[in-house]
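Engineer: A predicted structure for the sequence below; I have some questions about it.
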Amino acid sequence: MLDLLSEEYLREVVSLLVRLVEAAGALIIFVGAAFAFVRFVATALRRRGEEDFNAVRLFLGRYLTLGLEFQLASDVLRTAVSPTFAQIGQLAAIAAIRTGLNYILGKEIERERAALAEAAQRPGLGPGPAAQGGAGPAGDG
């Protein structure tokens, strides 16, 4: 029983969990980028309106934000078992950078949403189907 709770065993388990959470974050970002690329190509072939491209940016931004949250979670996990001061410092720096990126992405998403809403209010210039389309895998509709 004592070996089951040893620090070395916990480090191995946490290391595996860190890799899984990092992989999940990377997969989320990859899937979002792939879907956004497909939407971008479809939008470029059909329309060239700014609102349509903004909808694609919003779509991708949601995936990026979620993926960064997973990456931050893996960083927190990495320091879960007896962290050193150096690890804590690295976590603080990484958390600050990723939180800053998330904040900037969130603001960008808000700005793009406002631009799409404003465009929808203008007579005859509402967003196309790409901006109004149904919910995608990230529930973006």
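Structural biologist: Thanks, I have the structure now.

Engineer: use CA for all of it now, contacts and neighbours both
Structural biologist: Fine.

Engineer: can you pull the contacts of Arg57?
Structural biologist: Residues in contact with Arg57 (C-alpha atoms under 8 Å, 6 or more residues apart in numbering) are Ala36.

Engineer: next structured bit after the helix or strand hosting it?
Structural biologist: Here Arg57 sits within helix 50-78, counting by DSSP states H and E. In the C-terminal direction, the helix or strand that comes right after helix 50-78 (DSSP H and E) is helix 85-121.

Engineer: and the helix or strand Ala44 falls within, average pLDDT?
Structural biologist: Under the criterion DSSP H and E, the helix or strand holding Ala44 is helix 7-46. Averaged across helix 7-46, the pLDDT comes to 93.

Engineer: likewise stretch 105-113?
Structural biologist: When the per-residue pLDDT values of stretch 105-113 are averaged, the result is 85.

Engineer: now it: how far from the chain's centre is it?
Structural biologist: Taking C-alpha atoms, centre = their mean, to the nearest Å, one finds the center of stretch 105-113 at 13 Å from the center of the full chain.

Engineer: likewise for stretch 67-83?
Structural biologist: Distance, stretch centre to chain centre, for stretch 67-83: 15 Å (C-alpha atoms, centre = their mean).
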